[in-house]
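Build the 3D model from these lines:
(chains A, B, C and D)
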There are 2 protein chains.
Amino acid sequence: MRKLRRHSEVPEATIHRLPRYLEKLKLLQAMGVEDVSSRQLAESLDIKASQLRHDFHYFGGFSRPGRPYQVGKLVPALETIIGVSEPQPVAIIGAGHLGQALANYANMDVQGFPVRGVFDANPRLVGLEIRGQPVRDMDSLEDVISQEGIRIAILTVPAPFAQAVTDRLVKAGIVGIVNFAPTDLKVPKTVAVRNERLAVGIMALSFKVKCILEGDCGVE
Amino acid sequence: MRKLRRHSEVPEATIHRLPRYLEKLKLLQAMGVEDVSSRQLAESLDIKASQLRHDFHYFGGFSRPGRPYQVGKLVPALETIIGVSEPQPVAIIGAGHLGQALANYANMDVQGFPVRGVFDANPRLVGLEIRGQPVRDMDSLEDVISQEGIRIAILTVPAPFAQAVTDRLVKAGIVGIVNFAPTDLKVPKTVAVRNERLAVGIMALSFKVKCILEGDCGVE
DNA sequence: CGCCGCCTGTCAACCGGTTGACACCCGATT
DNA sequence: AATCGGGTGTCAACCGGTTGACAGGCGGCG
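Numbering: from 1, shown residues only, chains lettered A, B, ... in the order given. Here you go, the predicted structure:
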């Protein structure tokens, strides 16, 4: 990376693609691939090569011009850009099925986001072990966050509690929240929120399905 | 709805907002609200009023001009557009934590997507009851899909199995797939896929968090 | 009855993101 | 050494989506 422009200039759409680049590149790395051209990489991700180059262009040169990208250099560069060059501990608030699923499913540790605290208000869940992590009482929320230096929280509590929990998180020094509750959270501008609305996905799909079934899609 | 244009002409971005409109409107309906202006509705969703009107404009007139929207008419109209005017039965493939979470969490029934079949290859999960639904063996996949008339499937199996399961689903007549596996699925053009990549969300957030912590965001 | 405030439908300008084109660079090969 | 194939960096045109502006409709009130 030669000249790194200010992050604020990177378009939203590009940011969302970075994780996919990293994911694929790690895969290639694990397969022992050393070089990869923009065309190869783009095709495997089903996007245009010009777009990929354009995206990388925001961060300066990843390769000597005229030569393909070197996987070994790209991976750490992307990790630095995304902010996972060193592990980012996260907390999961709400140990219901979704919370548990996230702790297991996306195996967060490998992705660079080790889970360092799982919390729930339900006394019946508190004490339960998930992946070697005890489910903690909400009382200890602030303490654990500051002790572990947690910056990112994942919210998987029922919608009615989401805002109250959020307020506590913000006070405790959390800087980023992934919100799975179907509510819009109010936070100061210094906190980033990403809403992950599961229901929207299936509804958008339903629209397209209707479209297909009615032969109303332009695809004849 | 007077003149309904072809669905294919509705921009992607608008489609993704429709579910949010519906969600909010249902809420208002439950509160007994009868009329709502574009400004009120837009503000509560944190978008511009002009955009909301523009979105609705794709589907013709929802109100007599000069008068606010009538919640009672908007809700069924949106339901028809999205395709949930009558329940859309869905199947969940993969009864791990994520599959279970989805069956419970987003209470699909209320959203118009009653779960009519939960499947898993793991014999230890088969037979388990989830919300009154038995977890079924994969063998019965095709039968249940055709008997229940299921059109939409939710994929929550581990990535290595995703494509194989998808092929079976397509053959069985599934038209839409919500894919939670971190893999790109290959499907015929007559099948709609929506990828729901949980890991991308947290990484995009991490980028912004880094941004905030380094004071590199334009917001001073 | 006429005016006024509020509302929607509609359009045109604007903006960000995507895409194609091309200049330039490199290593291999003849 | 010159050439050739394949690669990246970069830019400008293009396109879809967003936003602001405004014409016209409706009901309430003086």
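
Pull out the buried positions in the helix or strand residue A:15 falls within.
Taking DSSP states H and E as the criterion, residue A:15 maps to helix A:12-30. Within helix A:12-30, the residues that count as buried by 16 or more other Cβ atoms under 10 Å in any protein chain shown are A:14-15, A:17-26, A:28. C-beta coordinates here come from the backbone N, C-alpha and C atoms, glycine included.

as a whole number, average confidence for that helix?
For helix A:12-30, mean pLDDT is 94.

Who are the packing partners of the helix or strand just after that helix?
Per DSSP H and E, the first helix or strand lying C-terminal to helix A:12-30 is strand A:35-36. Helices and strands touching strand A:35-36, as assessed by 3 or more Cβ pairs under 8 Å, 6 or more residues apart in numbering or on different chains; DSSP states H and E, comprise strand A:69-70, helix A:71-82.

What pairs with strand A:35-36, parallel or antiparallel?
strand A:69-70 (antiparallel) (DSSP bridges).

got the contact list for the partner strand?
With contacts defined as Cβ atoms under 8 Å, 6 or more residues apart in numbering or on different chains, strand A:69-70 is touched by A:34, A:35, A:36, A:37, A:38, A:41, A:56, A:62, A:63.

roughly how far apart are the first one and DNA strand C?
Meaning residue A:34. Using Cβ to the nearest atom of the strand, to the nearest Å, one gets 13 Å for the distance from residue A:34 to DNA strand C.

Was I right to think that residue contacts residue A:68?
No - the pair formed by residue A:34 and residue A:68 falls short of the contact definition of Cβ atoms under 8 Å, at 9.1 Å.

Need the nearest residue in space to residue A:84, chain neighbours excluded.
residue A:112 (3.4 Å; Cβ to Cβ, 6 or more residues apart in numbering or on different chains).

show me where chain A has helices.
A:12-30, A:38-45, A:49-57, A:71-82, A:97-105, A:108-111, A:141-148, A:159-171, A:198-213 (DSSP state H).

okay, these in CSV with distance to chain B next?
Putting the helices of chain A into CSV (distance: least, Cβ to the nearest Cβ, whole Å) gives the following:
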stretch, distance to chain B
helix A:12-30, 4
helix A:38-45, 8
helix A:49-57, 13
helix A:71-82, 5
helix A:97-105, 3
helix A:108-111, 5
helix A:141-148, 14
helix A:159-171, 10
helix A:198-213, 3
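
Looking at these, spot the one closest to DNA strand D.
The closest of the helices of chain A to DNA strand D is helix A:38-45. By Cβ to the nearest atom of the strand, the value is 3.4 Å.

centre of the chain versus the closest one, how much separation?
Chain-centre distance of helix A:38-45: 22 Å, with Cα atoms, centre = their mean, to the nearest Å.

State the mean pLDDT of that helix.
On average, helix A:38-45 scores 94.

close to DNA strand D, is that helix?
Yes - against DNA strand D, helix A:38-45 shows contacts by Cβ under 7 Å from any atom of the strand at A:38, A:39, A:40.

Buried subset of those residues as a ChimeraX selection?
The buried subset of the residues of helix A:38-45 next to DNA strand D, as determined by 16+ other Cβ under 10 Å, is captured in ChimeraX by this line:
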select /A:38,40
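
And the residues of helix A:38-45 next to DNA strand D, which is closest to residue B:45?
Nearest to residue B:45 among these: residue A:38, at 38.3 Å, using Cβ to Cβ.

mind checking how far the closest residue in space to that closest one that isn't next to it in sequence is from residue A:41?
Among residues not flanking residue A:38 along the chain, residue A:49 sits closest, at 4.5 Å (Cβ to Cβ, 6+ apart). According to Cβ to Cβ, to the nearest Å, residue A:49 stands 8 Å off from residue A:41.

So between these two, which is more surrounded?
residue A:41 (22 against 14; other Cβ atoms under 10 Å in any protein chain shown).

what does chain A put close to DNA strand D?
A:36-40, A:49-50, A:53-54, A:56-57, A:60-63, A:65-69.

try 6 Å this time
Neighbours of DNA strand D within chain A, by Cβ under 6 Å from any atom of the strand: A:37-39, A:50, A:53-54, A:56-57, A:61-63, A:65-66, A:68-69.

low pLDDT regions in chain A?
A:1-8, A:61, A:106, A:217-220 (pLDDT under 70).

residues from it in reach of DNA strand C?
A:11-14, A:47-48, A:50-51, A:54, A:64-67.

among the residues you listed, who's most crowded?
Highest neighbour count within the residues of chain A next to DNA strand C, by other Cβ under 10 Å: residue A:14, with 18 neighbours.

Give the full set of residues in contact with that one.
Contacts for residue A:14 were tallied using Cβ under 8 Å, 6+ apart; they are A:55, A:58.

Same check on the one 10 residues further on?
Under the criterion of Cβ under 8 Å, 6+ apart, the contact list for residue A:24 reads A:41, A:44, A:45.

and of the helices of chain A, who's closest to residue B:186?
Minimum separation from residue B:186 across the helices of chain A (Cβ to Cβ) falls at helix A:38-45, 12.3 Å.

helices or strands next to the closest one in the packing?
helix A:12-30, helix A:49-57.

mind putting these in TSV, distance to residue B:165 included?
Output for those, formatted as TSV (distance: least, Cβ to Cβ, whole Å):
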stretch	distance to residue B:165
helix A:12-30	20
helix A:49-57	29
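
Please name whichever of these is nearest to residue A:157.
For these, proximity to residue A:157 was assessed by Cβ to Cβ; helix A:12-30 is nearest, at 24.8 Å.

May I see the helices and strands packed on strand A:35-36 organised as CSV, with distance to residue A:156 and mean neighbour count added?
Converted to CSV, these look like this (distance: least, Cβ to Cβ, whole Å; neighbours: other Cβ atoms under 10 Å in any protein chain shown):
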stretch, distance to residue A:156, mean neighbour count
strand A:69-70, 37, 18
helix A:71-82, 22, 18
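
Of the ones you listed, which is nearest residue B:193?
helix A:71-82 (25.2 Å).

if we look at the closest one, which residues are touching it?
A:1, A:18-19, A:21-22, A:25-26, A:28-29, A:33-36, A:59, A:62-63, A:85, A:112, B:203, B:206-207, B:210.

and if you look at stretch A:148-164?
Taking Cβ under 8 Å, 6+ apart as the rule, stretch A:148-164 contacts A:88-96, A:98-99, A:102, A:113, A:116-117, A:121, A:144-145, A:165-166, A:169, A:173-183, A:185-186, B:202, B:205-206, B:209, B:213.

Could you rerun that using 7 Å?
A:88-94, A:96, A:98-99, A:102, A:116-117, A:165-166, A:169, A:174-183, A:185-186, B:205-206, B:209 (Cβ atoms under 7 Å, 6 or more residues apart in numbering or on different chains).

List only those of those flagged as buried.
A:88-94, A:96, A:98-99, A:102, A:116-117, A:165-166, A:169, A:174-183, A:185, B:205-206, B:209.
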